[in-house]
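Participant: What shape does this take:
(4 chains)
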2 protein chains.
Amino acid sequence: MSETTRRPVTMADVARHAGVSRSAVSFVLNDRRSVSIAEDTRDRVLAAAAELGYRPNAGARALAKKQSDWYGLVTEIVTAPFAVDIIKGAQDRALVDEKYLLIASTESDPAAETAAIERLLEQRVEGLLYAATWHRAVEIPEIAREVPTVLVNCFDAEGRYPAIVPDERTGGRRATERLLAAGHRRIGFINLDPDIPAAVGRLVGYHEVLREAGVAPDEKLEISGHATADGGYTAASALLDLADPPTAIFCANDRMAMGAYDAIKERGLRIPQDIAVIGFDNQELIAAYLRPGLTTVALPFEQMGARGVDLLAAIIAGQSTGTGTVTVDCPLLERASV
Amino acid sequence: MSETTRRPVTMADVARHAGVSRSAVSFVLNDRRSVSIAEDTRDRVLAAAAELGYRPNAGARALAKKQSDWYGLVTEIVTAPFAVDIIKGAQDRALVDEKYLLIASTESDPAAETAAIERLLEQRVEGLLYAATWHRAVEIPEIAREVPTVLVNCFDAEGRYPAIVPDERTGGRRATERLLAAGHRRIGFINLDPDIPAAVGRLVGYHEVLREAGVAPDEKLEISGHATADGGYTAASALLDLADPPTAIFCANDRMAMGAYDAIKERGLRIPQDIAVIGFDNQELIAAYLRPGLTTVALPFEQMGARGVDLLAAIIAGQSTGTGTVTVDCPLLERASV
DNA sequence: GTGAAAGCGCTAACAT
DNA sequence: ATGTTAGCGCTTTCAC
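Facilitator: Here you go, the predicted structure:
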């Protein structure tokens, strides 16, 4: 309001304005129950703060408390917008504890990644979250050991860090169960590159359920394709051209399901009347817009992000040892392709 | 290395270890050219810092310099992962100036948005970037006025903030030009909700180019649909069932193009041999995976993010008045649908 | 050229 | 119950 330069108002200003000491101001503003402040003083302080438009300086507070209230999130997700919900989940969960997320986006360049973590540490983050776009083993820069670290949607081969990962196996089970429930017995499975965790987990689930239902897995119905629409098209074509084709196809991801739709439609077949399709990932853009809508198993990104922060907070609080892997369920999302 | 508690090493430690004063350390570590430090002293300090594993405390530095080196980015993008590249572009550009981005994700709840900005201001961000998922007019909380603010992929109705937006008109031109160049004269246009900036801009471009080529716009070829695959399917069907159907369709977004593909294929027509399709947005997931690959006009998200930071930095440096709108070009991306 | 000293805005012992 | 005071880790002016 004054004509002079707009110097940011500090706690000292509030104290002066209210006619109390700085610590008194600190106490009431932080609502410290331990020390009792006269109701009257309290009100004066609050009024002064409001009147002056006081806004706490988070940095100064962090310095004094030796606690930044930040978690660092290093991830490639910003670059490859598949699992963004991890960020959302983590952010929302962090806010509950009044913690903030400092996001460092990386792109699989180890040197850049180390530099990014270095910057995060300079900001004195209390812990680190390391999140990947797709479930896989990752190499964590050694420097990450300096603070509690939890992995999300990935894991380290040596198992030195706690990790949050999707339950691929149960996901594979759910998809297969759904198809079985719809009366299908010949269920084709278009899998991903057989080496990745998603492929092995989903296949195990598929096999388990088939066997439990008394259906002998048929190797001719299992085929692995390139994880793209083209890959799905090719694989689905092969399946459909079998002498004894499947009546349902479980695609290990939605992109492949997209290609499978093409192969099916090309043959004049209808979904789901003539052949049922089920996907995996619940990639909105595809699953929701495909015609008919694709029934698919969802990857629980948001929950994984939240669980990651949960675990990180527990480790920092000393309530968790910070080891082991937690697995998050992949629910089935019904649309119209089964 | 010591057995004692791991107290973070400070500048004082480095000074002591090197046998110099704290200010000397500060000078060499910040490479202050103004004061000359003996080469020898310099080396000792550097060695001490390295040996002790000194890591500067960004917060303390910010407090002393009264400069946080942060920009706040408030956006709904994290929630709706369409324009994520804005974040990437902004982040990369900020890093060039050794500035960091504090990302606050919002979801169109004004109160929450104000609270988020409030938090950003408590962190003493030097400026604000406000980014939207889709090009539109937005309401900026009044509190944003406290620091330099620039809008990205959106604008405020009153024009009080500088904004970076895509050049929709030129985008519309490019698509139409491409189709014309392929020999088409009857070009259908499936537009978005006619009220939004993208729709008006793209339509203007389409008309301009048509007229310039001596083709009279035909209202029967212009139709606006729901911005989804279903909407595209319906609109394309209508176009294809015309007595004199178009030989090419310009879809104002890729999702609608996805639906258009279905309508076209259903009729046994081939893309692009029988009918050409061009999209808008370059939504990788769709455009790249559609069969055949979709030729489309790209939204320059990454550049817009970078330009946003550029402008913000200029405003903060006093090199720009911080008004006006800058428009970023939308390039054509050739794939195989024309 | 180098170092002492005074902050930056806040918290939390410790006195009163 | 309230206020005084000493830092938190760093920058920077100003003597030496």
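
Participant: The stretch 151-300 of chain A: helices as residue ranges?
Facilitator: A:168-181, A:197-212, A:229-240, A:254-266, A:284-287 (DSSP state H, counting those that start in this stretch).

Participant: burial of the closest residue to A:Arg174 other than its chain neighbours, as a residue count?
Facilitator: Sequence neighbours aside, A:Leu332 is the residue nearest to A:Arg174 in space, at 4.5 Å (criterion: CB to CB, 6 or more residues apart in numbering or on different chains). Every C-beta, even on glycine, is put in place using the N, C-alpha and C of the backbone. By other CB atoms under 10 Å in any protein chain shown, 18 other residues sit near A:Leu332.

Participant: For A:Leu332, give me its contacts.
Facilitator: A:Leu332 makes contact with A:174-175, A:178, A:295-298, according to CB atoms under 8 Å, 6 or more residues apart in numbering or on different chains.

Participant: tell me the domain boundaries of chain A?
Facilitator: A:11-56, A:68-167+A:302-331, A:168-298 (automatic domain parsing).

Participant: lowest-confidence stretch among those?
Facilitator: With a mean of 84, domain A:11-56 has the lowest mean pLDDT of these.

Participant: and the stretch 1-150 of chain A, which of its residues are near DNA strand C?
Facilitator: Residues of the stretch 1-150 of chain A lying close to DNA strand C (CB under 7 Å from any atom of the strand) are A:7-8, A:10-12, A:22-23, A:26, A:29-30, A:35, A:56-57, A:60-61, A:63-65.

Participant: end-to-end on stretch A:220-230?
Facilitator: 20 Å (CA to CA, to the nearest Å).

Participant: mind listing what's buried in that stretch?
Facilitator: For stretch A:220-230, the neighbour count (16 or more other CB atoms under 10 Å in any protein chain shown) marks A:221-230 as buried.

Participant: Adding distance to DNA strand C as columns, could you present the residues you listed in TSV?
Facilitator: Below are these laid out as TSV (distance: CB to the nearest atom of the strand, whole Å):
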residue	distance to DNA strand C
A:Leu221	63
A:Glu222	59
A:Ile223	61
A:Ser224	56
A:Gly225	57
A:His226	55
A:Ala227	50
A:Thr228	52
A:Ala229	54
A:Asp230	57
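
Participant: mind checking which of the helices of the stretch 151-300 of chain A is nearest A:Val147?
Facilitator: helix A:197-212 (26.1 Å; CB to CB).

Participant: For that closest one, output the C-alpha coordinates as CSV.
Facilitator: Provided in CSV are the C-alpha atoms of helix A:197-212 (Å, rounded to 0.1, in the frame of the first residue of the first chain):
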residue,chain,number,x,y,z
PRO,A,197,8.1,-58.4,-16.4
ALA,A,198,4.7,-57.5,-17.8
ALA,A,199,4.9,-60.4,-20.3
VAL,A,200,5.9,-63.0,-17.9
GLY,A,201,3.4,-62.0,-15.2
ARG,A,202,0.5,-61.8,-17.5
LEU,A,203,1.3,-65.1,-19.2
VAL,A,204,1.5,-66.8,-15.8
GLY,A,205,-1.9,-65.5,-14.9
TYR,A,206,-3.4,-66.5,-18.2
HIS,A,207,-2.1,-70.1,-17.8
GLU,A,208,-3.1,-70.4,-14.2
VAL,A,209,-6.7,-69.5,-14.9
LEU,A,210,-7.0,-71.6,-18.0
ARG,A,211,-5.7,-74.6,-16.0
GLU,A,212,-8.0,-73.9,-13.1
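
Participant: Which residues belonging to that helix are considered buried?
Facilitator: Buried, per 16+ other CB under 10 Å, within helix A:197-212: A:197-203, A:205-210.

Participant: Taking those residues, tell me the two that lie furthest apart.
Facilitator: A:Pro197 and A:Leu210 (20.5 Å).

Participant: Give the partner strands of the longest strand belonging to chain A in its sheet and their orientations.
Facilitator: Secondary structure of chain A read by DSSP state E shows that its longest strand is strand A:127-138. In the sheet, strand A:127-138 lines up against strand A:70-75 (parallel), strand A:149-156 (parallel) (DSSP bridges).

Participant: Would you mind finding the most buried of the ones you listed?
Facilitator: Ranked by mean neighbour count, the strands paired with strand A:127-138 are led by strand A:70-75 with a mean of 27 (mean count of other CB atoms under 10 Å in any protein chain shown).

Participant: Would you mind writing the CA trace of that strand as PDB?
Facilitator: Listed next in PDB are the C-alpha coordinates belonging to strand A:70-75 (Å, rounded to 0.1, in the frame of the first residue of the first chain):
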ATOM      1  CA  TRP A  70      10.000 -31.900  -0.300                       C
ATOM      2  CA  TYR A  71      10.300 -35.200  -2.000                       C
ATOM      3  CA  GLY A  72      12.100 -35.500  -5.300                       C
ATOM      4  CA  LEU A  73      10.500 -37.400  -8.100                       C
ATOM      5  CA  VAL A  74      12.900 -38.400 -10.800                       C
ATOM      6  CA  THR A  75      11.200 -39.900 -13.800                       C
END
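
Participant: following it, which helix or strand shows up next?
Facilitator: helix A:85-96 (DSSP states H and E).

Participant: That following helix near chain B anywhere?
Facilitator: Yes: contact of helix A:85-96 with chain B (CB under 8 Å from any CB of the partner chain) involves A:85, A:87-88, A:91.

Participant: and the helix or strand following that helix, how far from the chain's centre?
Facilitator: Heading C-terminal from helix A:85-96, the first helix or strand you meet, by DSSP H and E, is strand A:100-105. On the basis of CA atoms, centre = their mean, to the nearest Å, strand A:100-105 is displaced by 14 Å from the centre of the chain it belongs to.

Participant: Strand A:100-105 - contacts with which helices or strands?
Facilitator: Secondary-structure packing of strand A:100-105 (3 or more CB pairs under 8 Å, 6 or more residues apart in numbering or on different chains; DSSP states H and E): strand A:70-75, helix A:85-96, helix A:110-122, helix B:85-96, strand B:100-105.

Participant: how close does A:Arg119 sit to chain B?
Facilitator: 7 Å (CB to the nearest CB, to the nearest Å).
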